[in-house]
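Trainee: Make a model of this:
(chains A and B)
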Number of protein chains: 2
Amino acid sequence: MSLLQGAARSLPRSLRAAGRQQYRPLRFPLSLSRSLSSTPSSPNSSNPALSFPCLDAQDAKSARLSARSLQSGPEPSYTTGQHERFHSDEPLLLDWGGVLPQFEVAYETWGELNKDRSNAILLQTGLSASSHAHSTAANPKPGWWEKFIGPGKPLDTDKYFVICTNVIGGCYGSTGPSSIDLDGKHYATRFPILTIEDMVRAQFRLLDHLKISKLSAAVGSSMGGMQSLAAGVLFPERVGKIVSISGCARSHPYSIAMRHTQRQVLMMDPNWARGYYYDSIPPHSGMKLAREIATVTYRSGPEWEKRFGRKRADPSKQPALCPDFLIETYLDHAGEKFCLEYDPNSLLYISKAMDLFDLGLSHQLTMKEQRAKNQAKIASGAVGQDANNTSCSLTLPDQPYQEQPSAATPSAQQPETGTETIELESPPKDLVAGLAPLKDHQVLVIGVASDILFPAWQQREIAETLKLAGNKKVEHIELGEDLSLFGHDTFLLDLKNIGGAVQNFLD
Amino acid sequence: MSLLQGAARSLPRSLRAAGRQQYRPLRFPLSLSRSLSSTPSSPNSSNPALSFPCLDAQDAKSARLSARSLQSGPEPSYTTGQHERFHSDEPLLLDWGGVLPQFEVAYETWGELNKDRSNAILLQTGLSASSHAHSTAANPKPGWWEKFIGPGKPLDTDKYFVICTNVIGGCYGSTGPSSIDLDGKHYATRFPILTIEDMVRAQFRLLDHLKISKLSAAVGSSMGGMQSLAAGVLFPERVGKIVSISGCARSHPYSIAMRHTQRQVLMMDPNWARGYYYDSIPPHSGMKLAREIATVTYRSGPEWEKRFGRKRADPSKQPALCPDFLIETYLDHAGEKFCLEYDPNSLLYISKAMDLFDLGLSHQLTMKEQRAKNQAKIASGAVGQDANNTSCSLTLPDQPYQEQPSAATPSAQQPETGTETIELESPPKDLVAGLAPLKDHQVLVIGVASDILFPAWQQREIAETLKLAGNKKVEHIELGEDLSLFGHDTFLLDLKNIGGAVQNFLD
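Mentor: Residues are numbered from 1 along each chain as shown, chains lettered A, B, ... in the order given. Model (predicted):
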């Protein structure tokens, strides 16, 4: 679809005049856009042409955004409100060789840090959540864990000093692709590949700044449940208890596949323009689609069966190829609500970081070696230049994916005589070795049976792996379908079962 | 994204010269497209710009398709090879008021019809499968159920005359959106909304033509498993045994959601051009994305865990936002393979027909009433005109989706104090009444525990509903995860468990 970009070059100069950036998508006034949505009619067709109100709405939004962007200037602004800000002039070396010459971490806190600075809880977020977990004096808007934080609540602010950060790579104030690079331009897709561990290292730089040498606990859900484990593995001496809710110790291919489709639909939006959209219309259609796919993975089928069933938005109308079932209008709304509230490039980098997550020992050692090599280079200032040779060079294999020779892997194209039982290994030794740094920590692991994105076997894997590593202080809770049908989103909703378990564990 | 279409109008006439159709997407020579894929570089950026080989490949394909379309003319051709053809000059009234003034059904057969024409099995297909279930003399290419059909096989051609049709709405020879309407132009999205029952009625027109008054059995998988039930409900006297594999009696919101995202990504491809792409470049990017999402729903997580794990296509390379995990290149390949082999509009109409499927009695009665009304009109030739007033008029509600007031439906935006147990009804009475016409049929229902698209509870629902309707001849088989981890695709792969059960049941 990025042929589109060719169009900009071929347009008469008059239409290109406003262009300030190489990959500028096209803009047209609303009137022109509208005129295109009339359906072709033929007096001799057997049936009328279908209409497409969902596409008309997209066109109108593009036109509105174009007008807004021309009026107010190009700077996008993603924010969830007031927060504290930590600025570091010390560069941050990233796992894959990228470097942030300086960076910011935006954060919020609740409760009071005690005298010996020992009562801090680091709350770690999911992909698109911000530091605004709870309302503050500066920002009274309810946070995403509003009922879980406060005096007497699961994260008890009478006892604890709760810190929640915006991850680097994101767009809520911490350094990310929408931030300005040294050359005065947005990073865009010049932002380096990021890992979960990179995000955690940035968080610990903030803890250094706050003079917190050891956390009372690291608590995280979803991507935050990856981070709480990573925090313990990277800084075992600096973390007390660990809570990992609906997270995992390594991403599995099904989650990668789900995130892959989201990235692809976003990148195929011509407005994405390979990441260089900051001076123009953001890829709102691609973002909307990505969020709709994500929303499917956040909930569960049985819940929707009860909630939406087969209800149509307006049963008096003919069915349409645009959304008409209630479940469709719900997804449409979820996508619509999100598509301008989060930076598309942040979605790409953070979702990729989740895919890359693997606490297995061999991966840890590879990263360690890579970091040592790059650490040496960072002194000489050669990191960026060197990375030029490697991070740009990915090419798809000449031969597309080939079925691996294995008795247990029949492909749909090659029907097999019968299926064979696939035995999944119990926690691999490599992962047991990788989690060894956590063998003396108190760890609470929570999973939800109806979660399809981080399925319950992944939290079972964390718990079993820790036990095999010698940890005798692991608690594992799995909420069955009798307790929650809310899938991955359960951690946002279930104050009783999730909140209660966290409270018991921390006290 | 369809703002794009505006570009075509604004282009210099020279570039538009080849345009023959209103919604013609843009075409550019390869060289121009290539020049766009160079990444913006800045000597002062902290890190190198990422490259996007996956988008370069899309651009190159668009350019190739453009060149091909200019050379060979605009007619797309979707085929799986030689087949028989039944042409009807009798119009076909569709459930939602559309009409096909004439239509064709392409089909293939295996075995011999016996003297009293009583040994026919109608094999009903999934969404994208063709009539080519098995090789024929005219087309020796192996079919999608090659090992399931033949002498001594589950569909035993020593005993049965097996017929497999291409569904109407599809693109393999039966009338569909790519067919030519009365005005000499492709139907495109002037094709009327279609239902599973409409497809079945067209199949029974073929049976009339073949002078088969009663089928020995209707056998179907996936969408075919909807059709085999629908065949029995619509024509209870004309169907002997019924086999429904990995199908359902009504689509549930999770499957609708999955298909919704596929339709949306396809429709957002500017090349889709609201369905009017037949004289131009097909929306290959949107089709590729749709197929990738579909592929995720066809398989299961544990199978991929075993098969792909966390392997990367080339571990020596840096990670990229384009596909680099093996699971990603697999999905990429699956999408790539399919994107030019199936008509995008057919995908939209057929996937919508699946969403609309509901064998509940009240829905059946509504359709019956609607058909009676339209049947009266069809004589007066007023159907098409009348439909103009209704089928174009869908509008999205002014207020986007609102959470329904219900104690059991907390939303992610409004965290609740606790979750409440959601009790799903046992088969609703309306569905029991709807399946009553099947109460005396021998029915085999097969489900697969690892299927996420047509989850096993849906086949349990069919079986329980039939029993509640008074049927004492229902057999229900559910393949546990110990027998198959292949998810929805199991019916294509598992000759032993699926094929064996079908064979036992038919004999």
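Trainee: tell me the secondary structure for residue A:162?
Mentor: With DSSP: H, G, I helix; E, B strand; the rest coil as the basis, residue A:162 sits in strand.
Trainee: So it sits against residue A:155, correct?
Mentor: Yes. Between residue A:162 and residue A:155 a contact is recorded at 5.1 Å, counting by CB atoms under 8 Å. (Each C-beta comes from the backbone N, C-alpha and C, glycine too.)
Trainee: tell me, what's touching these two both at once?
Mentor: By the contact definition CB atoms under 8 Å, 6 or more residues apart in numbering or on different chains, residue A:162 and residue A:155 are jointly contacted by A:110, A:121, A:123, A:149.
Trainee: Of those, which belong to strands?
Mentor: A:110, A:121, A:123, A:149 (DSSP state E).
Trainee: Correct me if wrong: the first one contacts residue A:157.
Mentor: Yes. Under the criterion of CB under 8 Å, residue A:110 lies in contact with residue A:157, with a separation of 5.0 Å.
Trainee: of those two, who's got more company?
Mentor: Between residue A:110 and residue A:157, residue A:110 has the larger neighbour count (other CB atoms under 10 Å in any protein chain shown), namely 22 against 18.
Trainee: Does the more buried one have any beta-bridge partners, and if so which?
Mentor: Beta-bridge partners recorded for residue A:110 (DSSP bridges): residue A:162.
Trainee: returning to that earlier point: of the shared contacts of residue A:162 and residue A:155, which is the most crowded?
Mentor: residue A:123 (30 neighbours).
Trainee: How about that one: what's its closest non-neighbour residue?
Mentor: In space, and not counting its chain neighbours, residue A:123 is closest to residue A:164: 4.3 Å by CB to CB, 6 or more residues apart in numbering or on different chains.
Trainee: In contact with that neighbour, which residues?
Mentor: Per CB under 8 Å, 6+ apart, neighbours of residue A:164: A:107, A:108, A:109, A:122, A:123, A:124, A:125, A:131, A:132, A:133.
Trainee: farthest-separated two in the residues you listed?
Mentor: A:122 and A:132 (15.5 Å; CB to CB).
Trainee: between the two, who's got more neighbours?
Mentor: Between residue A:122 and residue A:132, counted using other CB under 10 Å, the more crowded position is residue A:122 (28 against 25).
Trainee: For that one, list each beta-bridge partner.
Mentor: Beta-bridge partners, per DSSP bridges, of residue A:122: residue A:163, residue A:218.
Trainee: Look up how far residue A:285 lies from it.
Mentor: Distance, residue A:122 to residue A:285, using CB to CB, to the nearest Å: 36 Å.
Trainee: CA atoms only for stretch A:87-102 - export them in CSV, please.
Mentor: What follows is stretch A:87-102, C-alpha atoms only, in CSV (Å, rounded to 0.1, in the frame of the first residue of the first chain):
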residue,chain,number,x,y,z
HIS,A,87,15.7,13.4,33.2
SER,A,88,19.0,11.5,32.7
ASP,A,89,21.9,12.9,30.8
GLU,A,90,23.7,9.6,31.1
PRO,A,91,23.2,7.6,27.9
LEU,A,92,21.1,4.4,28.1
LEU,A,93,22.6,1.4,26.2
LEU,A,94,19.9,-0.8,24.9
ASP,A,95,20.1,-4.6,24.6
TRP,A,96,20.2,-4.7,20.8
GLY,A,97,22.9,-2.1,20.5
GLY,A,98,20.8,1.1,20.2
VAL,A,99,21.5,4.0,22.5
LEU,A,100,19.5,6.8,24.0
PRO,A,101,22.1,9.6,24.5
GLN,A,102,19.7,11.1,27.1
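Trainee: For that stretch, buried residues please.
Mentor: A:88, A:92, A:93, A:94, A:95, A:96, A:97, A:98, A:99, A:100, A:101 (16 or more other CB atoms under 10 Å in any protein chain shown).
Trainee: and which of those is nearest to residue B:140?
Mentor: residue A:96 (49.9 Å).
Trainee: that older thread, which of the ones in strands among the shared contacts of residue A:162 and residue A:155 sits closest to chain B?
Mentor: Distance to chain B across those (CB to the nearest CB) is lowest for residue A:149, with 11.1 Å.
Trainee: In the stretch 251-400 of chain A, where is pLDDT below threshold?
Mentor: A:381-400 (pLDDT under 70).
Trainee: Quick one: the strands in it, in order.
Mentor: With strands called from DSSP state E, counting those that start in this stretch, the stretch 251-400 of chain A shows none.
Trainee: for it, what spans make up the helices?
Mentor: Ranges of helices in the stretch 251-400 of chain A, per DSSP state H, counting those that start in this stretch, are A:253-268, A:284-298, A:301-307, A:326-338, A:344-355, A:361-380, A:383-390.
Trainee: Dump these into JSON lines; add distance to chain B and mean neighbour count as well.
Mentor: JSON lines is the format used below for the helices of the stretch 251-400 of chain A (distance: least, CB to the nearest CB, whole Å; neighbours: other CB atoms under 10 Å in any protein chain shown):
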{"stretch": "helix A:253-268", "distance to chain B": "4", "mean neighbour count": "25"}
{"stretch": "helix A:284-298", "distance to chain B": "5", "mean neighbour count": "25"}
{"stretch": "helix A:301-307", "distance to chain B": "4", "mean neighbour count": "21"}
{"stretch": "helix A:326-338", "distance to chain B": "4", "mean neighbour count": "23"}
{"stretch": "helix A:344-355", "distance to chain B": "5", "mean neighbour count": "25"}
{"stretch": "helix A:361-380", "distance to chain B": "8", "mean neighbour count": "14"}
{"stretch": "helix A:383-390", "distance to chain B": "4", "mean neighbour count": "17"}
